[in-house]
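Asks: model this:
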Amino acid sequence: MDKQSMVEFIIRNADASADQSAIASYYQKKTEAEVAEDFQKLLIGEKQRIAASNEDLKKAETAAAEAIQSRNQAYSDYIWLSICSRPIKHVSPRYNGKQVQNVTSSRIEVLSWPHDGEKPSWEWFQHVMDEQPFLADRLAWQDYLSPKAEQQNNAQVEAATRATFFSVAPAYDLSRCESNVQAVVQHFPDGADSFQIGLAIQNHELNLAPCNKAEYTEYTRELEAEFTRKWNGLPIHEVRKRSQECATEREALLARHSWKERGVLTKEDEEAARQESIRVQESALGYAVMPASIGETTLDASYLKGCSRNQLMDAIRRWGSYQVNQRLVGK
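Replies: Got it, this is the predicted structure:
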């Protein structure tokens with residue numbers, strides 16, 4: 001490209017408000033190499049502008065395609081739910097008055113039926129059942145529930161899920177507030193057992209609020225009551241056989257009395273709470289009452305403080321740590 005052609009290109013791509021004659025005069029004084037340098041710079045900029053424009057066009061096309069796909073999906077969902085929401089009339093008593101179950105396999109099957117030009121709808125579906133009743137065998141069905149009956153069923157499922165979550169919450173120190181309940185109900189619209197809810201919590205599928213101090217205290221009482229019911233209901237030989245399990249559960253309960261964790265107890269309160277918890281829990285194990293003396297030996301604080309470690313551990317195994325501790329402090 002000669003110098004004049006390059007100058008004309010530069011002028012065509014100059015700002016609309018620029019004086020074209022001044023630009024032409026300016027470049028006439030430049031060498032061809034200088035004009036070529038400015039021409040190349042402008043040419044690169046123009047290519048970049050075109051590329052950016054093409055990229056914007058691609059993004060716009062992609063966004064439009066996604067919007068169309070989303071609209072079509074929403075319409076397809078609406079049609080499918082309308083098919084699943086009403087009972088059909090069918091020549092077979094096995095299907096008559098039933099409604100299609102909202103499952104993926106049935107949806108895929110039904111949406112493969114329309115011929116060219118046919119649009120799925122409730123009326124179209126009923127017409128297919130009238131003409132080809134055997135197709136019903138390929139679908140999953142359920143009893144039809146009126147809106148009122150469905151509402152009652154949903155209320156029963158929600159109540160059951162709520163009760164299950166209430167029983168699970170103490171194990172994870174989660175609040176029983178309504179927002180947590182609704183989060184669980186929405187996550188399990190068809191209901192769930194304690195294992196399913198616990199698994200969802202452990203996998204962080206549910207974002208739930210922790211319990212407050214009052215709930216924490218209430219949960220501790222509930223867990224301690226459950227501990228007492230569990231171990232008091234067993235024969236002593238069974239309790240002794242499962243002593244390791246019992247000890248683990250007891251330590252977990254004792255840890256809940258930590259003043260650092262709860263932030264509402266002093267160290268003195270914590271020790272008193274721990275001792276009371278030990279007393280209540282050890283009563284389930286059937287420890288004998290610690291006597292005042294054995295023979296001529298008085299089992300007081302001075303005696304216990306002079307015992308060897310083995311002798312002290314033997315006393316704890318016979319009478320429980322609570323009674324031994326009380327005797328050590330002179331009570």
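Asks: outside of stretch 165-173, which residues touch it?
Replies: Contact with stretch 165-173 is made by 174-176, 180-181, 184, 194, 197-198, 201, 210-211, 216, 219, 222-223, as judged by Cβ atoms under 8 Å, 6 or more residues apart in numbering. For glycine as for every other residue, the C-beta is placed from the backbone atoms N, C-alpha and C.
Asks: Pro291: what secondary structure?
Replies: Secondary structure, DSSP: H, G, I helix; E, B strand; the rest coil: Pro291 is coil.
Asks: thought it was touching Asp300?
Replies: No - contact criterion Cβ atoms under 8 Å: Pro291 and Asp300 do not qualify, at 11.4 Å.
Asks: Would you mind telling me which of these two has more residues around it?
Replies: Taking other Cβ atoms under 10 Å, Pro291 and Asp300 do not tie; Asp300 has more neighbours (13 against 9).
Asks: from memory the more buried one sits against Arg327, does it?
Replies: Yes - using Cβ under 8 Å, Asp300 is in contact with Arg327, at 6.7 Å.
Asks: The stretch 151-300 of the chain: strands as residue ranges?
Replies: Along the stretch 151-300 of the chain, the segments classed as strands by DSSP state E, counting those that start in this stretch run 293-294, 297-298.
Asks: And the helix or strand hosting Arg107, how far out from the chain middle?
Replies: Assigned by DSSP states H and E, Arg107 belongs to helix 104-110. Computed by Cα atoms, centre = their mean, to the nearest Å, the separation of helix 104-110 from the middle of its chain amounts to 28 Å.
Asks: Same question for stretch 237-250.
Replies: That offset, for stretch 237-250, works out to 34 Å (Cα atoms, centre = their mean).
Asks: circling back to that earlier point, and the strands of the stretch 151-300 of the chain as JSON lines, adding distance to Leu312, mean pLDDT and mean neighbour count?
Replies: Output for the strands of the stretch 151-300 of the chain, formatted as JSON lines (distance: least, Cβ to Cβ, whole Å; pLDDT from 0 to 100; neighbours: other Cβ atoms under 10 Å):
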{"stretch": "strand 293-294", "distance to Leu312": "15", "mean pLDDT": "84", "mean neighbour count": "10"}
{"stretch": "strand 297-298", "distance to Leu312": "14", "mean pLDDT": "85", "mean neighbour count": "10"}
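Asks: Nearest to Phe227 among those strands would be which one?
Replies: Across these, Phe227 has its closest neighbour in strand 293-294 (30.8 Å, Cβ to Cβ).
Asks: Pull up the pairing partners for that closest one, direction included.
Replies: Its sheet considered, strand 293-294 pairs with strand 297-298 (antiparallel) by DSSP bridges.
Asks: Other residues contacting the strand it pairs with?
Replies: For strand 297-298, using Cβ under 8 Å, 6+ apart, the contacting residues are 292, 303.
Asks: distance between that strand and the chain's centre?
Replies: Counting by Cα atoms, centre = their mean, strand 297-298 comes out at 60 Å from the chain centroid.
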